[in-house]
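Asks: fold the following for me, if possible:
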Amino acid sequence: MYIGSIDQGTTSTRFIVFDQQGQIISVAQKEHTQIYPQPGWVEHNPDEIWTNTQEVIAEALHKGGLTTKDLAAVGITNQRETTVVWNKHTGKPYYNALVWQDTRTSSLVAELAAEGGADRFRPKTGLPLATYFSSLKAKWLLKHIATLEKDALKGEVLFGTMDTYVLWQLTGGVHGGQHITDVTNASRTQLMNLSTLQWDGELLEAFGIPRNILPEIRSSSEVYGTATGVLEGVPVAGILGDQQAALVGQTCFEPGEAKNTYGTGCFMLLNTGTTINQSTHGLITTVAYQLGDKPAHYALEGSVAIAGALVQWLRDNLGIIQKSSDIEELAATVEDNGGCYFVPAFSGLYAPYWRADARGVIAGLTRFVNKGHLGRAALEATAFQTLEVLEAMEKDAGIRLSELRVDGGMTVNELLMQFQADLLNVPVVRPKMIETTALGAAYAAGLAVGYWKDTDDLRRNWGIEKTWEPVMEKSVRNSLYRHWRKAVRRSFGWEE
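Replies: Sure thing, here's the model as predicted:
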């Protein structure tokens, strides 16, 4: 028997089948359209994503010579905060999903912050007011989409992040689909109280969200229902937001253990145990996971909006490279960044600055700089942003990290990983299995049905593939970082 994992990400949807050792048996992946109706707006078509989900499940099963009878359970992991509203009777979305990167709610951020500051909801939610979270996306949709508010009052509307939407479709859709989310995804809506792990009346009122459109909040690891259609008869038993899933996939179950995922964005999570640790250095507090009826674990998180997305931008918007993997070769054509720094504040800056008024800048340009330097500066931007998050994390948690566990697509880039180790001045460790996001969702589902006994079982699966040790001189590191910070300051205040 195996465990299936639906990984509904920002740029693509995948289905991966894992065995008991956490090894991949079969995988299929399909990209979906990125929709940019105007500057700062980012949307996905939920129908397209659901079609792709069914296709990749069928393809991965076929490739592996498997049937649904070979699966003990399936888990779901998803791009977080991305918000969709649909009609419970027709199953049709009222509008495209608003993606986590979307900044159309910036005027709502300003409006709500004017009344009580950007941190007014932080004590309850662990989150600052920002365009990032689902609360304001839902508010915008209710305000701007014809009939939505009216239908919501009649009890016909369902709201969810992508985990909720996929689970509802998977468990029957209009024919009795389950309307559920887990504590990790609920903690990113800015509508859940971190202490009670329930929707909070005061927050719902402040954001103007009707309670009846919200899914039920459950743990990250339990049987939510049985799949129909392409996964007919398989228990759906795990849900984790993608970054929390990677934390579980990296088996960071002890307080003080941290991982960094290098994907479209870059996300570092530090397990703080069952304690809610409020940040004073620009990080957010979030639920890490809750396994069945055990207490929830919390985490400090540093979110960077643009990491791999910057490489895609060089590929798609500038045509400097043909495919994303060409970036390493391009960056290796030069010794260093040539004095050039790239701050990718395309949708503002997230942790630790939370500046919605920032926009992307390339600083330090001279006649000497060529496309190799630009490519290198783009890669280095991810490492610099990670350093800023790590520093904030160490200050908040009062612990010095001894190593950083890394995962995600960009970790195959050896040049980036070495530069990261050099900047952080700690070893960077890549595990044998870098698909830790999908693996984490599989672990959550497998634990729920007894496929794995406990977290010790999972730890035995974790193994190191490669470690990068820091070799950079301290003076070089300090100089690079000083210039980076100067470039970041140049990005502030661009949007008025």
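Asks: going forward, measure contacts and count neighbours with C-alpha atoms only.
Replies: Noted.
Asks: which pLDDT value belongs to the nearest residue to Thr184 once chain neighbours are set aside?
Replies: Spatially, and ignoring its direct neighbours in sequence, Thr184 is nearest to Val287 (5.1 Å; C-alpha to C-alpha, 6 or more residues apart in numbering). For Val287, the model assigns a pLDDT of 97.
Asks: in a strand, Val287, correct?
Replies: Yes. Under DSSP: H, G, I helix; E, B strand; the rest coil, Val287 falls within a strand.
Asks: and it, how far from Leu148?
Replies: Distance, Val287 to Leu148, using C-alpha to C-alpha, to the nearest Å: 30 Å.
Asks: swap in Asp336?
Replies: 53 Å.
Asks: between the two, point out the one with more neighbours.
Replies: Leu148 (20 against 14; other C-alpha atoms under 10 Å).
Asks: which strand or helix spans the nearest residue to that one once chain neighbours are set aside?
Replies: Closest residue to Leu148 in three dimensions, ignoring its sequence neighbours and counting by C-alpha to C-alpha, 6+ apart: Leu142, at 5.7 Å. Assigned by DSSP states H and E, Leu142 falls within helix 134-144.
Asks: so which bits of the very next helix or strand once past that helix are buried?
Replies: Heading C-terminal from helix 134-144, the first helix or strand you meet, by DSSP H and E, is helix 148-153. Buried residues in helix 148-153, counted by 16 or more other C-alpha atoms under 10 Å: Leu148, Glu149, Ala152.
Asks: so which of these comes closest to Thr181?
Replies: Minimum distance to Thr181 across the buried residues of helix 148-153 is 18.6 Å, recorded for Ala152 (C-alpha to C-alpha).
Asks: ok, now which ones touch the residue lying closest to the closest one once chain neighbours are set aside?
Replies: Nearest residue to Ala152 in three dimensions, chain neighbours excluded: Ile213, at 6.6 Å (C-alpha to C-alpha, 6+ apart). By C-alpha atoms under 8 Å, 6 or more residues apart in numbering, the residues touching Ile213 are Ala152, Gly155, Glu156, Val157, Leu158, Phe159.
Asks: how about these in a markdown table, adding pLDDT, secondary structure and distance to Glu31?
Replies: Below are the contacts of Ile213 laid out as a markdown table (pLDDT from 0 to 100; DSSP: H, G, I helix; E, B strand; the rest coil; distance: C-alpha to C-alpha, whole Å):
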| residue | pLDDT | secondary structure | distance to Glu31 |
| --- | --- | --- | --- |
| Ala152 | 94 | helix | 31 |
| Gly155 | 93 | coil | 33 |
| Glu156 | 95 | coil | 30 |
| Val157 | 96 | strand | 28 |
| Leu158 | 97 | strand | 25 |
| Phe159 | 97 | strand | 24 |
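Asks: tell me which two in those are the farthest apart.
Replies: Pairwise distances across those (C-alpha to C-alpha) peak at 11.2 Å, for the pair Gly155 and Phe159.
Asks: pick out whichever of the two has more residues nearby.
Replies: Between Gly155 and Phe159, counted using other C-alpha under 10 Å, the more crowded position is Phe159 (25 against 15).
Asks: which residues pair with that one across the strands?
Replies: Phe159 forms beta bridges with Val85, as assigned by DSSP bridges.
Asks: right, and it touches Asn87 too?
Replies: No. Applying C-alpha atoms under 8 Å, one finds Phe159 not in contact with Asn87, separated by 9.0 Å.
Asks: the stretch 201-350 of the chain: strands as residue ranges?
Replies: 216-218, 221-226, 235-241, 258-262, 266-273, 284-289, 297-304, 341-343 (DSSP state E, counting those that start in this stretch).
Asks: can you pull the contacts of the closest residue to Lys69 other than its chain neighbours?
Replies: Excluding the flanking residues, the one nearest Lys69 by C-alpha to C-alpha, 6+ apart is Val234, at 7.7 Å. When the contact criterion is C-alpha under 8 Å, 6+ apart, the partners of Val234 are Thr68, Lys69, Leu71, Ala72, Ala73, Val74, Thr226, Ala227, Thr228.
Asks: list phi and psi for the fourth one.
Replies: Summarising the backbone geometry of Ala72 under the convention degrees, to the nearest 10, its torsions are phi -80, psi -30.
Asks: ok, it to Asn370 distance?
Replies: 53 Å.
Asks: the two: who's more crowded?
Replies: For Ala72 versus Asn370, the count of surrounding residues by other C-alpha under 10 Å is larger for Ala72: 20 against 14.
Asks: residue contacts, the more buried one?
Replies: With C-alpha under 8 Å, 6+ apart, Ala72 has these contacts: Met1, Tyr2, Ile3, Val234, Pro235, Gly446, Val449, Tyr451.
Asks: how about Thr33?
Replies: Thr33 neighbours (C-alpha under 8 Å, 6+ apart): Thr11, His44, Asn45.
Asks: quick one: which of these is nearest Lys124?
Replies: Closest to Lys124, out of all of the contacts of Thr33 and judged by C-alpha to C-alpha, is His44, at 29.6 Å.
Asks: for the closest residue to the closest one other than its chain neighbours, what are phi and psi?
Replies: Computed as C-alpha to C-alpha, 6+ apart, the closest residue to His44 that is not its neighbour in sequence is Ala97, at 5.1 Å. Dihedral angles of Ala97 (phi, psi; degrees, to the nearest 10) stand at phi -70, psi 140.
Asks: for this structure, which helix is longest?
Replies: Ranked by residue count under DSSP state H, the longest helix found in the chain is helix 371-397.
Asks: pLDDT of that helix, averaged?
Replies: 93.
Asks: tell me what whichever helix or strand comes after that helix is packed against?
Replies: Per DSSP H and E, the first helix or strand lying C-terminal to helix 371-397 is strand 404-407. Other helices and strands packing on strand 404-407, by 3 or more C-alpha pairs under 8 Å, 6 or more residues apart in numbering; DSSP states H and E, are strand 258-262, strand 428-431.
Asks: past strand 404-407, which element shows up next along the chain?
Replies: In N-to-C order, the element after strand 404-407 by DSSP H and E is helix 414-424.
Asks: chain center to that next one: distance?
Replies: 22 Å (C-alpha atoms, centre = their mean, to the nearest Å).
Asks: the residue with the largest distance to the centre of the chain: what secondary structure?
Replies: Distance from the C-alpha centroid of the chain peaks at Arg367, with 37.8 Å (C-alpha atoms, centre = their mean). Put simply, Arg367 is coil when judged by three-state DSSP.
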